[in-house]
Structure formats: structure tokens, C-alpha cells
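just to be clear, the model below is a prediction. Sequence and coordinates:
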Amino acid sequence: MNDHLAKKVKKIFLEKFHKEPLIVFSPGRINMIGEHVDYNDGYVMPAAVDKGIYFALAENNTDTSTFYAADLNEEFSIPLNAIAKDRGWKNYVLGIIDQLLKKKYLLRGFDCVFSGDVPVGAGMSSSAAVECGLGHGLDLLFHLKIDRVFMAKLGQKAEHEFPGVNCGIMDQFANMMGKKDHVFLLDCRTLEYSYLKLPLGDYSILLINSKVHHSLASSEYNVRRQQCEEGIHYLKKNLPNILSLRDVNENDLKKYGEGMNGEVYERCLFVVQEIKRTVDAATCLEQNNLNRFGKLMYASHEGLAGLYKVSCEEIDFLVDLAKLNPNITGSRIMGGGFGGCTINIIHRDQADAFANSAIEAYKRKFRIEAEAYKIRLENGTSQVNA
Ligand code: GLA
């Protein structure tokens, strides 16, 4: 929690709208392992973090709502009966309102100010933080009593329909269901989940934001999703009962995937392996085996880069630096890919030294100023005092 930001949105709100707002903190997320498997009914291991977006909200007794994105100094107003797809950040706020209205939740005009410290386009899911944070804020404002998992589903649908990214459920679920100091293992097929403690001991989680965000990210994301579906379609010829890649093991894939398009095969192979890795990683946590957990993270990165092809030169450089450092047990690209952050498990006494040297080497090579974040695991979206 960033007290300063909670106070900031409240102050701006009071100055602009002269009314006491309610304040909501909506977290970004990390994912330890289980990347690009949520939309394949697999397992993921995310957590909500202490970086996120702060919303100030109050009713305004009209039929129109006003949004002020303080970090961009941009504002717009829209009547609630005219909600339609727009562009850029507006789609994240409009998308969730659209979903709430479609489900017949009763909204009245309101004003909203928001500001955040979760980096945008960094694989930490600032988009889910906007969708679910605003959704939950409106839930509180209008006493809608929306179940948290249902809100996560509405956020996911909003992302599909307005920004047009065909995402899985992981980000919105982590945003709504995160628990302080815990990660969780989520079965994306049944939405069953269990909270787990990371046996970090003297180790800590360090993110390095490459500050690159390749513009292909959302279109290529949708392509990956289609390729997985193509793979299923092909495999169904011999495995008629499978519903998703969750139902396929590596042997089946090798046996029945032979004639598949080469790229599609590689995408499927990654998914099948990553689902297994995530289950293995959960076992490592039970056994306090951080070393093996780290190895699985490296293997995940290799798959994401080599088979799933969602990494990039800049991120590979950062993971390679981590591999050379004996104080790091695991490192990989995190989130949708094509840039964003690496997630590293590092001895906490060495985190600053590594962050500094990696940032320096990265700057020499790419002329980009990377950033490092030591993050803490937080509760899901909730009302806060300011
Ligand atoms: C994005 C999506 C998620 C998930 C990840 C990759 O963050 O929103 O649903 O697919 O990419 O694991």
C-alpha cells in the first residue's frame, strides 16, 4: 500500500468534485510460474502485490460519469446510457461499466479519480487492476454485493470485449482474490485455488522492468490463443475427448501431434510442459525446495522464449544476467510477454547489488533505463482509508 497515493487521489477528488470519496486500492500481480496456460485450463501461481491503482469514487446525482486519470492528466465524461467502446485507457473503465450494465446492476452517475504506481505494459496487469478496481469500487458505492470471483469474470469479459485482448482469468482472479504474504495455485479449469506460502527464507522476489513493451503484444497474444485452439482441433482427431491442452500430456502430443503445423506443435508443447511445471513447482513449495523451484522458473523462461516465442532480446538479456549470478535461484519473463518484467528469486542481501549491476549492463547494451522493484504480496482489491 502506498499511503501517499491513496491521499493523493482523495485530495484531487475533493478539489475537483467537493465531495468525500470512497478509496479503493486495486493491486497489480506477479506470477511465479504457469504462463500462458490460464486460457488452456492449466494451473497458474500468481499473487497480488503492493503496487497498484488507487481509485477515489463518489456518486454525483446525475446520469453522467466523469473519469480523471491523474497520471495522464486526462479526463472525460460520459452518460451511463451511452457507454460504448472507445480507445486507450478509456476502454478499461468503459469495459467494466459495460459489463455491469449488461448484468443489469443498477448504476447511477459517479465521479472517479485514479492514479497508480503499477507500471503499465510491464506484465504486472495494470489493466485488470483498472477493470476490477473500478468494478469493486462501484460495487461498494452502489451496494451491489458482487461475489469476488464473479467480479474477476466480469473483468475478464470486459478485457475481451473492449480492449479486445482475449485474456485468461489469471490477472483478474489475482486482483480480486490475492491474500497478503501468499501466492496461490489456481486451477483455471475449475477455479479451485489454494493459498501457499513461498518458503523464501533469506530470499526475496525482485522484478526488473525492461521498460520495453513491444506493440505486437496484444495481437500476438490473440494469435497464441488461436494456435492453441488449432492444436486442440488437430489432436481431437485422435483424442476426441479432450477439451483443452490441459487434457493432453507430452506423450500424447508427441504421438498424435506429428503432422501438425510446426509452430502450432511448439506452442502446444510449451503449454503441456508449463502446466506440468506449475504442478511440480507447487510440490517444490510444499517440500521447501526453492532451488528446484528456481530451476523450473528458468525452464519456464526457456519454453516461453524458444517454443512459445513471447520473449524478446531485452528480456532474454536480463534472464541471462540472472543465470550468471549464484545468488539467484530462478528468473523468467513474467506476464503476457514481448517485454515487461523479469521475476527473480534472489538472496535478499544481494538484491540491490544485482539490480544495480543489471540495470547498468542493460543500459550499456540497449540504452534503456530499466527499473527494479522489491515487491510485497498483498490482499486483493479492497477499500482503504486515506
Ligand atoms: C496476460 C493475460 C493472462 C495470462 C498472461 C500470460 O497477463 O491477461 O490471462 O494469459 O498474460 O500468462
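That came through, no problem.

low-confidence regions, the protein specifically.
Per-residue confidence for the chain (pLDDT under 70) gives these ranges: 216.

outside of stretch 2-10, which residues touch it?
21, 23, 25, 50-51, 54-56, 70, 113-117, 384-386 (C-beta atoms under 8 Å, 6 or more residues apart in numbering). For every residue, glycine as well, the C-beta is placed using N, CA and C.

what residues does the stretch 251-386 of the chain have near the ligand?
Applying C-beta under 6 Å from any ligand atom, one finds that the stretch 251-386 of the chain approaches the ligand through 335, 336.

where does the stretch 251-386 of the chain get nearest to the ligand, residue-wise?
residue 336 (3.4 Å; C-beta to the nearest ligand atom).

isn't there a strand covering that residue?
No: assigned with DSSP: H, G, I helix; E, B strand; the rest coil, residue 336 falls outside any strand and is coil.

am I right that it is in contact with residue 122?
No: using C-beta atoms under 8 Å, residue 336 is not in contact with residue 122; the gap is 10.2 Å.

related to what we said a few turns ago, mark which of the contacts of stretch 2-10 are buried, thanks.
Neighbour counting by 16 or more other C-beta atoms under 10 Å classes 21, 23, 25, 50-51, 54-56, 70, 113-117, 384, 386 among the contacts of stretch 2-10 as buried.

for those, which one is nearest the ligand?
residue 51 (15.1 Å).

and that closest one, what element?
strand 46-59 (DSSP states H and E).

assumed residue 297 was part of a helix.
Yes: Residue 297: assigned to a helix according to three-state DSSP.

identify the residues contacting it.
For residue 297, the contact set (C-beta under 8 Å, 6+ apart) comprises 32, 33, 281, 329, 330, 331, 332, 343, 345.

ok, now with 10 Å
32-33, 277, 281, 319, 322, 328-332, 334, 342-345 (C-beta atoms under 10 Å, 6 or more residues apart in numbering).

repeat for residue 265
Residue 265 touches 227, 231, 234, 253, 254, 257, 258, 259, 307, counting by C-beta under 10 Å, 6+ apart.

my guess is the first one meets residue 269, correct?
No: with contact defined as C-beta atoms under 10 Å, residue 227 does not reach residue 269; the gap is 11.4 Å.

overlap in contacts of those two?
With C-beta under 10 Å, 6+ apart, residue 227 and residue 269 have common neighbours residue 308.

the more surrounded of those two?
residue 269 (22 against 19; other C-beta atoms under 10 Å).

so the more buried one belongs to a helix, correct?
Yes: counting by three-state DSSP, residue 269 is part of a helix.

I'd like to know how far residue 378 sits from residue 56.
19 Å (C-beta to C-beta, to the nearest Å).

list the contacts of the closest residue to the residue of the stretch 251-386 of the chain closest to the ligand other than its chain neighbours.
What sits nearest to residue 336 in space, not counting adjacent residues and going by C-beta to C-beta, 6 or more residues apart in numbering, is residue 221, at 5.4 Å. Listed by C-beta under 10 Å, 6+ apart, the contact partners of residue 221 are 36, 39, 165, 166, 167, 168, 310, 336, 337, 338.

for residue 185, same thing?
Residue 185 touches 32-34, 43-46, 192-196, 278-279, 281-282, 285, counting by C-beta under 10 Å, 6+ apart.

run the last query once more with 8 Å
43, 44, 45, 193, 194, 196, 278, 282.

rewinding a little: from the contacts of residue 221, list just the buried residues.
Listed as buried from those are 36, 39, 165, 167, 168, 310, 336, 337, 338; burial here means 16+ other C-beta under 10 Å.

burial count for the nearest residue to the fifth one once chain neighbours are set aside?
What sits nearest to residue 168 in space, not counting adjacent residues and going by C-beta to C-beta, 6+ apart, is residue 38, at 2.9 Å. Neighbour count of residue 38, defined by other C-beta under 10 Å: 22.

what about residue 340, distance to residue 372?
In terms of C-beta to C-beta, residue 340 sits 14 Å off from residue 372.

scratch that, residue 119 is what I was asking about
12 Å.

joint contacts of these two?
With C-beta under 8 Å, 6+ apart, residue 119 and residue 372 have common neighbours residue 209.

and the strands in this structure?
With DSSP state E as the criterion, the chain has strands at 22-31, 43-44, 46-59, 64-69, 74-79, 110-116, 183-187, 193-196, 203-213, 328-333, 339-347, 371-374, 382-384.

which helices and strands sit right next to the last one?
Of the remaining helices and strands, those touching strand 382-384 by 3 or more C-beta pairs under 8 Å, 6 or more residues apart in numbering; DSSP states H and E are strand 22-31.

next one: residue 195 from residue 241, what distance?
In terms of C-beta to C-beta, residue 195 sits 32 Å off from residue 241.

which bits of the stretch 101-250 of the chain sit near the ligand?
Counting by C-beta under 6 Å from any ligand atom, the stretch 101-250 of the chain sits next to the ligand at 125, 167, 168, 170, 171.

change it to 8 Å
Selection of the stretch 101-250 of the chain residues close to the ligand by C-beta under 8 Å from any ligand atom yields 123, 125, 127-128, 156, 159, 165, 167-171, 221.
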